[in-house]
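S.K.: got a structure for you, letters missing:
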């Protein structure tokens, strides 16, 4: 079981954050001292565990000295073996060109140099973090998919970070995809990456680098309102830059096997698009990761799988297994969706669908009017390209738990051709919790809040 997240200061104090670091890759607790494995008995070494660290985008880099962003960098470093054991490989394959990929790769390498100089150099004055950019991108992938030198570089790494951009560029590069037949073939580069992951290497991603980890159909484009009004479009390849919902039916890299996966989630009001896609493709469980926040999946693909949150915000989980869908008329609607939101200190079991809230206590209700919002899906302004009223739906849910009201309703900013409403309802199974995160900031979580999405009558 993974322990609760702690602050950056405690990470640097030499205290262990995790009771069970990954096996097989020389991982050690914080303190990052040399480990003596000369007396280890390989015959009793357990099978390597699979670990995913999925950041929802907006990941604050070490130079900003943002403690939440830094804690995620430190977490990856620790799980990969610390300053003296980590061998990190950077994939910027989601970048729009080879030139941009190289530039972004250099930024990630610099991030770890900054991490060392700002937080670790005093403790390890003669050390250096081993981090390399892996030159595999949209402009060279056809020549590099079976390159022995590239594969050797992958085999030398024990952690990988996938940067943001367009997740379709990643699948296009790692697989040979045929859009006409709707099929794909694995490349030697992908096989090398998969083998490292199965051997215990950490796989992390942010933004597109998170969305691409799923084995389920992969979201590639779209806004919540347009997803509800129009049908989703399956497409193998990169979609047009539009507001309609597109997805790759072949999925992503296939490392996350627990449902649909999305990023920039609460900030961009993506609850509508992920629920609509879940219905479209027959998935019952969805995970939306907020910005500057990591969903950490340990012991993946085993009965001991566990999920927890590290970072500034949370992970929005929607369960459609008991939902009722109406798509027979002109407009699509859904009811009976169960929404759960976990933040730092919480854990979630994707097999039992049970959330655990650690030291948090029940939210105290206060007497005030039922909350509402007129922009529940955080409409994206086409002139500025920014999402307005970020986190509107998630905050509406938290406000509901803080009130004595039983239900709350939010409305889409858009109303042509139809306005949509989201109704949140507390039932006997709904629970809200609050507590302090690793930095002493109050965070709210909840479980089993009933959610309905339907046209406004």
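M.R.: Good, I have the coordinates. Remember, it's a predicted structure, so these values are computed and weren't measured experimentally.
S.K.: Not counting stretch 176-185 itself, show me its contacts.
M.R.: 145, 171, 175, 187, 235-237, 249-250 (CB atoms under 8 Å, 6 or more residues apart in numbering). The C-beta positions use only the backbone N, C-alpha and C, and glycine is treated the same way.
S.K.: if you set the cut-off to 6 Å instead, what comes out?
M.R.: Residues outside stretch 176-185 that contact it (CB atoms under 6 Å, 6 or more residues apart in numbering) are 175, 236-237, 250.
S.K.: are any of these buried, and which?
M.R.: Neighbour-count burial (16 or more other CB atoms under 10 Å) applied to those gives 175, 236, 250.
S.K.: Okay, strands next: where are they in the stretch 201-350 of the chain?
M.R.: Taking DSSP state E, counting those that start in this stretch, the strands of the stretch 201-350 of the chain run over residues 202-206, 218-221, 233-234, 246-248, 260-262, 285-289, 293-298, 306-311, 314-319, 324-326, 333-343, 347-349.
S.K.: Name the strands paired with the third one and say parallel or antiparallel.
M.R.: Think strand 233-234. Paired neighbours of strand 233-234 in the sheet (DSSP bridges): strand 246-248 (parallel).
S.K.: now the strand it pairs with: mean pLDDT?
M.R.: Averaged across strand 246-248, pLDDT comes to 98.
S.K.: How far off centre is it?
M.R.: Chain-centre distance of strand 246-248: 18 Å, with CA atoms, centre = their mean, to the nearest Å.
S.K.: How about stretch 229-246?
M.R.: Counting by CA atoms, centre = their mean, stretch 229-246 comes out at 21 Å from the chain centroid.
S.K.: Which residues outside it are in contact with it?
M.R.: The contact list for stretch 229-246 (CB under 6 Å, 6+ apart) reads 166, 168, 177, 179, 182, 220-223, 226-227, 248-250, 273, 277, 280.
S.K.: let's see 7 Å
M.R.: For stretch 229-246, contacts defined as CB atoms under 7 Å, 6 or more residues apart in numbering pick out 166, 168-169, 172, 177, 179, 182, 220-223, 226-227, 247-250, 273, 276-277, 280, 417-418.
S.K.: Would you mind writing the PyMOL command to select the buried ones in those residues?
M.R.: Typed into PyMOL, the line below selects the buried ones among the contacts of stretch 229-246, using 16+ other CB under 10 Å:
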select buried, resi 166+168+169+172+177+220+221+222+223+226+227+247+248+250+273+276+277+280+418
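S.K.: circling back to that earlier point, closest to residue 67 out of the strands of the stretch 201-350 of the chain?
M.R.: Nearest to residue 67 among these is strand 306-311 (9.7 Å), distances taken as CB to CB.
S.K.: what is the rounded mean pLDDT of the closest one?
M.R.: 98.
S.K.: helices or strands up against that strand?
M.R.: helix 67-79, strand 293-298, strand 347-349 (3 or more CB pairs under 7 Å, 6 or more residues apart in numbering; DSSP states H and E).
S.K.: so where do the helices sit in this protein?
M.R.: 8-12, 67-79, 98-115, 141-144, 148-155, 167-174, 188-198, 208-211, 224-229, 271-281, 392-402 (DSSP state H).
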